[in-house]
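> sequence first, then the predicted structure, then my questions.
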Amino acid sequence: MRFAAWVHLAPTGSAATASTSPGASSALTALSSRDLASAMASRAEPPPGPRQAASGSSRDPSASEESVPDLERGTPVILVVDDDPSLVHMYTRFLERASFRALQACHGRAALEVLERTRPDLILLDLEMPEMDGFAVLDALRGRESMQRIPVIVLTGHMPGEDEIGRLHRSAAMVLAKGLFSPDEVLECVRKVLAESCVLGSPARSLVRCAIGFIHGHYAEPLTRQQIAKHVYASAGYLSNCFRRELGLTPMEYLRRYRVLRACELLESTDQTITLIAFAVGFCDSAHFSRVFRRLVGVTPRAYRRGERAGIVSVPCLGR
């Protein structure tokens, strides 16, 4: 599944920068992925030139610099793998602004070709891609001794269900849903993984991912923190602590973001009433839904449906 909207979180009162922490006050600004990429690119610094390896772009992926380990230059190298050029471009710009070096690949086979020439410090990987999907890339990485230790953050619009969690748990350092995490929050996750400070231990990380799979399958129901925790056989407090350490969010804030993202899809793709959409994504009444939606997105559901998104500014995020 590909999300119809990208819901962008911008730090309150300032332009998006690489210094935003996962706990920072933020707002959800709803845009299409291409519009968001364009907006972010316009604020980013000009790219450094031909140092990136771009599959299917004007940059030369066979440049001699690609064979030089960047650890010697002290610049962390991130490989961005996604079949949406606008998202690849956006994350490349954000990574460059944060003093990373970004390589690019438009599908899995292109990523493996880049990996034959250089070893990045981390990979940002989409799951749904033509020719070779993200699962196949993960299998290929773990099957090659020289690539097994490269950490991977899965950043995808196809969030795995509970049946796929185990497969990703053995291969990915983090699994992030497109549309639920801002570029700034993704950058913070990149820093955590590179610093190895994101490690919770296998049981805790698996707990968070199982809880996420449950949320995605039951978001339309009136879930409570206790119900989510009970499903993964953990206390509510322990699960919340694991969520904060892994993603910088509580389970309930993750649930709110996910519900609003699904509501954006319905507002764009259907003619259902606001009330029906509120019920469809798990809210008990349309008034509460509208308040939450406006606080997270910056406009009312009705205004969002009319396309009133261009002038959205940061607003206080919902309390946790």
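Arrived safely, thanks for sending. Quantities reported herein were computed from a predicted structural model and do not represent experimental measurements.

> which residues of the stretch 51-200 of the chain fall in strands?
Taking DSSP state E, counting those that start in this stretch, the strands of the stretch 51-200 of the chain run over residues 77-81, 101-105, 122-125, 152-156, 174-177.

> how about those, which one is nearest S240?
In terms of Cβ to Cβ, the element of the strands of the stretch 51-200 of the chain nearest to S240 is strand 174-177, at 17.7 Å. C-beta coordinates here come from the backbone N, C-alpha and C atoms, glycine included.

> and the closest one, average pLDDT?
The average pLDDT for strand 174-177 rounds to 84.

> stretch 270-287 now?
Averaging pLDDT along stretch 270-287 gives 95.

> likewise stretch 231-248?
91.

> tell me the buried residues in that stretch?
231-232, 234, 236, 239-240, 242-248 (16 or more other Cβ atoms under 10 Å).

> residues making contact with it?
21-23, 174, 176, 181, 185, 188-189, 198, 200, 204-205, 207-208, 210-211, 214, 225-226, 228-229, 249-251, 254 (Cβ atoms under 8 Å, 6 or more residues apart in numbering).

> drop anything exposed from those residues.
22, 174, 176, 181, 185, 188-189, 198, 204-205, 207-208, 210-211, 214, 225, 228-229, 249-251, 254.

> so which of the buried residues of stretch 231-248 are in helices?
231, 236, 239-240, 242-247 (DSSP state H).

> now those as CSV including distance to V137?
Shown next, in CSV, are these (distance: Cβ to Cβ, whole Å):
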residue, distance to V137
H231, 30
A236, 35
L239, 30
S240, 32
C242, 27
F243, 27
R244, 29
R245, 26
E246, 22
L247, 22
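
> tell me the one of the residues you listed nearest Q148?
E246 (22.0 Å).

> now do the closest one against I153, distance only.
12 Å (Cβ to Cβ, to the nearest Å).

> quickly list what's touching both of these two.
Contacts common to E246 and I153, judged by Cβ under 8 Å, 6+ apart, are M174.

> hmm, back to that, as CSV, the buried residues of stretch 231-248 with distance to V77 would be great.
CSV is the format used below for the buried residues of stretch 231-248 (distance: Cβ to Cβ, whole Å):
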residue, distance to V77
H231, 39
V232, 35
A234, 36
A236, 40
L239, 34
S240, 34
C242, 29
F243, 29
R244, 29
R245, 26
E246, 24
L247, 24
G248, 24
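
> what's the end-to-end length of stretch 238-256?
19 Å (Cα to Cα, to the nearest Å).

> show me where the stretch 201-320 of the chain has strands.
Using DSSP E, counting those that start in this stretch, strands in the stretch 201-320 of the chain do not occur.

> just the helices in it please.
202-218, 225-231, 236-247, 251-269, 274-280, 286-297, 301-305 (DSSP state H, counting those that start in this stretch).

> among these, which is nearest S99?
That would be helix 236-247 among those, by Cβ to Cβ, at 23.4 Å.

> what angle sits between the closest one and helix 251-269?
60 degrees (axes from the mean of the first three to the mean of the last three Cα atoms, to 10 degrees).

> which one of the buried residues of stretch 231-248 is nearest A140?
The closest of those, once distances to A140 are taken by Cβ to Cβ, is E246, at 25.4 Å.

> give the contact list for the residue lying closest to P130 once chain neighbours are set aside.
Ranked by Cβ to Cβ, 6 or more residues apart in numbering and with sequence neighbours excluded, the top spatial neighbour of P130 is H107, at 5.6 Å. Neighbour list for H107: 55, 81, 83, 129-132 [criterion: Cβ under 8 Å, 6+ apart].
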